[in-house]
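Asks: test case, fold it:
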Amino acid sequence: MKLIRRQVNLMKYILENPKAGLKELGEIMNISMQTVKSDLQNINDFMQGYGTTAEVLPGSQLHIYGIENMPYILKTAGLMLEFPLEKQIILMLLFNDSFIVLQDIADTLYVSKSLIEKIMAALLKKYPEELQSVRHYGIRSTATQAERRSRFAEIMKPYIQGIDFNEELKQFHVRHFPILRYITSDDISKGTDALNYLQGISAFTFTDEAVCQLFLQILYIRFYHRNYPKMRIEAAFFDIVHGMHKEREYLSAAEKMSSILCLSDKNETFYFCYLFMTLRKQRMSDSARFVQDMSDVINEIFQKILERTSIDFSSDHELLNGLSIHIYTTVLRRDLLKAFSPDYSWHDIMHQYPLGFEISTIAAEVISARFSYKVSNDEMIYLTLHFQAGIERMKSGEKKLRILVVCHYGMAAASLIATKVERIFHAVEIADTISIQHFLQLKTIDADLVLCTENIKSESIPVIYISPLLTQNELRQIKYFIEMHCINNLLALFIMHAIILDVEKADSRNDIIKSAVAALHDDNLVTENYLASVIERENISSTDVDSIAIPHGNPDFVKESKLVIVRLHKPIHWEISDVRYVFMFAVSKEQFVTNLTLFSTFYKKMVHSNIRSEIKKFGHEDAKIFRKKLAHLLSS
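Replies: Predicted coordinates:
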C-alpha cells in the first residue's frame, strides 16, 4: 500500500488533536469534511494492521481506538509514503552520465511525456546548477560527483532506516523505484562489510542517521566506479582534510574502507576521510581537541545567552562538548554534504521547545558572524535539541526505574530524551543512551523498558516507540504523568491588562512591529533598543503561524513585562502566512529568570491548532470582551 502526503498528515493531525471531529480536521488541513472521511476510509485498513481503528460517530465526531499506537504508525507510514515523480526523475538522471530524452524518462516511469515536461520545467528552476537541458539532446545532471552522492543519499534516506539495509532496499525497489537495476547485491554486501568494520572502531561511533548516509553514499560510489570507471571524485578533499585534527586516524580508517570496497582511487580515501570528519557522531573517545578549538565560539555563545536570557550554561560540560563537536563539523561540512532533514520539522521543534529554539537563534547569530555561515532550518533543529537538553538538565530533580533509550538522531536528541524522561517520571533511571546499531548488537539488555525512536522489536523486553518531541500520547505510554507548573492564572492576568491596538491598514510586518513597540515605549515599558531586537529576531526566524504572529525581542530591553495585541482589519502577509492577529509579549529579564516557563507556555498555547482555530472566530468586539474571551481560551 502507498500513502499520499495528505493521508500521512491526517494521521499526524489526529495524533495532535485527538478530540477533533471531521469538521475541525478539515479546517486544520484546509480540505472538505468529505475528503477527511474518504481519507480515513482509505487508511483504516492500514491503521488496523497496527491495532488502531478510526470510527466516525454521530455529529461527525471521531473516536480513535488504540491512539497510543499512532506514533509507531506514523513512523511506518513514512516508509510507505508515495515516492514523488520529481524524485524518480532525479534518480534516473543521477544514474546516467549522459543526456536522456524526455520520452525515455516517460517510458521508464510509465507516465505521459507531457507530465514529464511539466515536472522537468519545475526541476530546472529548482536545480539550475545541477541540471542541464539541451534541445534535441535531452536532460542530464551536471552536478559534481560530491553533489551527486549527497543528493542520492538525501533522496533515499526517508525510506531507509538502517535496521536491515538489504530488506529495506528490496522494499524500496518494489514500492517506489527500481533501484536494484542499478545497485547490485555485491554493492550491498561490500557496503555492509565496510560498515561492520567501522562499527569495530572505538575512537568514534556514528549516529544512525550518519550510518545510513554513509551506506547510501557507498552504494552510489560503487555504482559509479563500476559503470563509469573514468569518472573521479574531485581532488579538493585532500586540501580540506589535510592538517585537520585526527587526520591520521581518519585516513587509516578511510584506507581500510577503500580496500574493503575495492576502490583504487586515492581521492576516494580523502573523500571518506572527509565524511568521517563531518558526519554526526554518537560518541567520540577524544572530544577535548574540538572543545579547545571551539572554546572562543562556545564562550561567546554562552555569554550572549547569559546576557539576553540570564540562563547560565557555563557549567554544563555535556552541552559544551556536544556543541563544540556539532558546530565544528557543521562549519567544516558547509554545503558540500547535505545533512538529512530530521523526521520532525523546525516548526514542530520551535513550537514544542520554544525556549530552546529562542536560545538556538542566539547561537545561530554567533555562528553566522564568526564563520560567514548561514545556519539552515535543519541545523536550527539540532541546535535546539542541544540547548533544550541543557534546559532539561537544569530542571532535573530526583532520579528514581531502568530505561534504555535507543535513539538514531544522535547525542543531542538522546540526551534530551533521557534527561526529560528522568525529570518527568518518578522512579525512573536511564540505564544508557545508545544507537540502534549498538542495540542490535546487544546480547543482553540490562533494563526494564526500551524507549526507541525507530521501529525495532525485542522479545526479551518491552519496546515503546517515541520521538524527540515526546508528545503527550508517547508520554502516556510510559505511565504518563508530568508535573506541570500552573501559570494559567498569570497568563490570564497579562491578557486582561494587555494593550490592544486596532490597525486598519499596514504596509509591512515591520510597520506593525513598530506600532506595537511604540505602544510599549509610550508607557515606558521598554528601552529604545527593543524595536531593533524584535526586528532582528524576526529576521532570523519568522514567528507567524497560520493567522497569528508572535514577535518578541531581547528581555534585556524590557523594563516591565507587558502583552500587546494587534488586531488587523485586513490580513497582511508576514513571512509564511497571512496574519490577522499579532501578539507581542515583551517579557522582562527579571520575569524570564523567575518563571522560565511563562513565555514558553504562552508560545505553545498560541501556536496550538485548536487555539488558533478559536481565535479565528473572534470578531472585532470591544477590547474588554476580547481580553476576557482570550483569557478564558488560554487558561482553560
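Asks: which residues of the stretch 51-200 of the chain fall in helices?
Replies: Using DSSP state H, counting those that start in this stretch, the helices of the stretch 51-200 of the chain run over 70-80, 85-94, 102-109, 113-126, 145-156, 165-175, 185-199.
Asks: counting by contacts, list what the third one packs against.
Replies: When you say that, I think you mean helix 102-109. If contacts are counted by 3 or more Cβ pairs under 8 Å, 6 or more residues apart in numbering; DSSP states H and E, helix 102-109 sits against helix 85-94, helix 113-126, strand 138-141. C-beta: built from backbone N, CA, C; applies to glycine.
Asks: then the longest one?
Replies: Using 3+ Cβ pairs under 8 Å, 6+ apart as the contact test, the elements touching helix 185-199 are helix 165-175, helix 208-227, helix 247-260.
Asks: quick one, which of those helices is nearest to Leu123?
Replies: Counting by Cβ to Cβ, Leu123 lies closest to helix 208-227 out of those; the figure is 19.3 Å.
Asks: give me the buried positions along stretch 248-267.
Replies: Applying a neighbour-count criterion of 16 or more other Cβ atoms under 10 Å, the buried positions in stretch 248-267 are Glu249, Tyr250, Leu251, Ala253, Ala254, Lys256, Met257, Ser258, Ile260, Leu261, Leu263, Asn267.
Asks: mind putting the helices and strands packed on helix 102-109 into TSV with mean pLDDT, mean neighbour count and distance to Leu634?
Replies: As requested, those are arranged in TSV below (pLDDT from 0 to 100; neighbours: other Cβ atoms under 10 Å; distance: least, Cβ to Cβ, whole Å):
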stretch	mean pLDDT	mean neighbour count	distance to Leu634
helix 85-94	94	20	41
helix 113-126	93	14	41
strand 138-141	93	20	52
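Asks: dump these into TSV; add distance to Phe626 as well.
Replies: Putting these into TSV (distance: least, Cβ to Cβ, whole Å) gives the following:
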stretch	distance to Phe626
helix 85-94	45
helix 113-126	44
strand 138-141	56
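Asks: ok, which of those comes nearest Ser435?
Replies: Closest to Ser435 of the helices and strands packed on helix 102-109, according to Cβ to Cβ: helix 85-94, at 27.2 Å.
Asks: now do the closest one and helix 113-126, the angle between them.
Replies: Regarding helix 85-94 and helix 113-126, their directions subtend 80 degrees when assessed with axes from the mean of the first three to the mean of the last three Cα atoms, to 10 degrees.
Asks: and helix 85-94, what does it pack against?
Replies: Other elements packing on helix 85-94 under the criterion 3+ Cβ pairs under 8 Å, 6+ apart are helix 102-109, helix 113-126, strand 138-141, helix 145-156.
Asks: what's near enough to touch the closest residue to Lys457 other than its chain neighbours?
Replies: For Lys457, ignoring the flanking residues on the chain, the nearest one in space by Cβ to Cβ, 6 or more residues apart in numbering is Val463 at 6.5 Å. Applying Cβ atoms under 8 Å, 6 or more residues apart in numbering to Val463 gives the contacts Leu449, Val450, Leu451, Cys452, Ile456, Lys457.
Asks: surely the second one and Leu404 touch.
Replies: Yes: when contacts are counted by Cβ atoms under 8 Å, Val450 is listed as touching Leu404 (4.8 Å).
Asks: what sits in contact with each of the two?
Replies: Common neighbours of Val450 and Leu404 (Cβ under 8 Å, 6+ apart) are Phe439, Ile461.
Asks: which element follows the helix or strand bottoming out on mean pLDDT in the chain toward the C-terminus?
Replies: Sorting the helices and strands of the chain by mean pLDDT, DSSP states H and E puts strand 281-284 at the bottom, at a mean of 65. Once the chain leaves strand 281-284, the next helix or strand it forms, by DSSP states H and E, is helix 288-293.
Asks: so which elements touch that following helix?
Replies: Other helices and strands packing on helix 288-293, by 3+ Cβ pairs under 8 Å, 6+ apart, are helix 317-333.
Asks: how about low-confidence regions in the stretch 351-500 of the chain?
Replies: Using pLDDT under 70 as the threshold, the predicted model of the stretch 351-500 of the chain has low-confidence ranges 395-401, 426-427, 479-490.
Asks: quick one: the strands in it, in order.
Replies: Read by DSSP state E, counting those that start in this stretch, the stretch 351-500 of the chain holds these strands, from start to end of the chain: 402-406, 429-434, 449-452, 463-465, 499-503.
Asks: what lines up beside the shortest one in the sheet?
Replies: According to DSSP bridges, strand 463-465 forms sheet pairs with strand 449-452 (parallel).
Asks: Asp97: what's it in contact with?
Replies: For Asp97, the contacting residues are Arg140, Ser141, Asn227, Tyr228, Met231, by Cβ under 8 Å, 6+ apart.
Asks: Glu504 now?
Replies: Taking Cβ under 8 Å, 6+ apart as the contact definition, Glu504 lies against His569, Lys570.
Asks: ok, now Leu131?
Replies: Taking Cβ under 8 Å, 6+ apart as the definition of contact, the neighbours of Leu131 are Leu93, Leu123, Leu124, Ile139, Arg140, Ser141, Thr142, Ala143.
Asks: measure the fourth one to Gly21 for me?
Replies: I take that to be Ile139. 47 Å (Cβ to Cβ, to the nearest Å).
Asks: need the helices for the stretch 501-636 of the chain, in chain order.
Replies: Chain-ordered helices for the stretch 501-636 of the chain, with DSSP H, counting those that start in this stretch as the definition, fall at 509-522, 530-540, 589-594, 597-607, 609-617, 623-635.
Asks: so the second one versus helix 509-522, what angle?
Replies: What that stands for is helix 530-540. Between helix 530-540 and helix 509-522, the angle comes out at 150 degrees (the same axes, to 10 degrees).
Asks: and helix 530-540, what does it pack against?
Replies: Using 3+ Cβ pairs under 8 Å, 6+ apart as the contact definition, the elements that helix 530-540 packs against are helix 354-371, helix 509-522.
Asks: swap in the fourth one?
Replies: Other elements packing on helix 597-607 under the criterion 3+ Cβ pairs under 8 Å, 6+ apart are helix 346-352, helix 354-371, helix 488-496, strand 578-586, helix 589-594, helix 623-635.
Asks: name the stretch among these that sits most buried.
Replies: strand 578-586 (a mean of 22; mean count of other Cβ atoms under 10 Å).
Asks: what pairs with it, parallel or antiparallel?
Replies: In its sheet, strand 578-586 lies beside strand 548-549 (parallel), strand 562-573 (antiparallel), with partners assigned from DSSP bridges.
Asks: out of those, which gets nearest to Glu379?
Replies: Each of the strands paired with strand 578-586 has some distance to Glu379 by Cβ to Cβ; the shortest is strand 548-549, at 23.5 Å.
Asks: quick one: mean pLDDT over that closest one.
Replies: Averaging pLDDT along strand 548-549 gives 92.
Asks: surely Ser541 touches Glu365?
Replies: No: counting by Cβ under 8 Å, Glu365 is not a contact partner of Ser541; they are 11.0 Å apart.
Asks: what does the pLDDT read for the residue lying farthest from the centre of the chain?
Replies: In the chain, His136 marks the outermost C-alpha relative to the chain mean, sitting 41.9 Å out by Cα atoms, centre = their mean. You'll see His136 listed with a pLDDT of 85.
Asks: could you list every residue that touches it?
Replies: No residues are in contact with His136 under the rule Cβ under 8 Å, 6+ apart.
Asks: for Ile305, which three-state class applies?
Replies: helix (DSSP: H, G, I helix; E, B strand; the rest coil).
Asks: including distance to Ser415, could the strands of the stretch 351-500 of the chain go into TSV?
Replies: Shown next, in TSV, are the strands of the stretch 351-500 of the chain (distance: least, Cβ to Cβ, whole Å):
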stretch	distance to Ser415
strand 402-406	9
strand 429-434	7
strand 449-452	13
strand 463-465	19
strand 499-503	40
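Asks: can you say which of those is nearest to Gln199?
Replies: With respect to Gln199, and counting by Cβ to Cβ, the nearest of the strands of the stretch 351-500 of the chain is strand 429-434 at 12.2 Å.
Asks: thanks a lot, see you next time.
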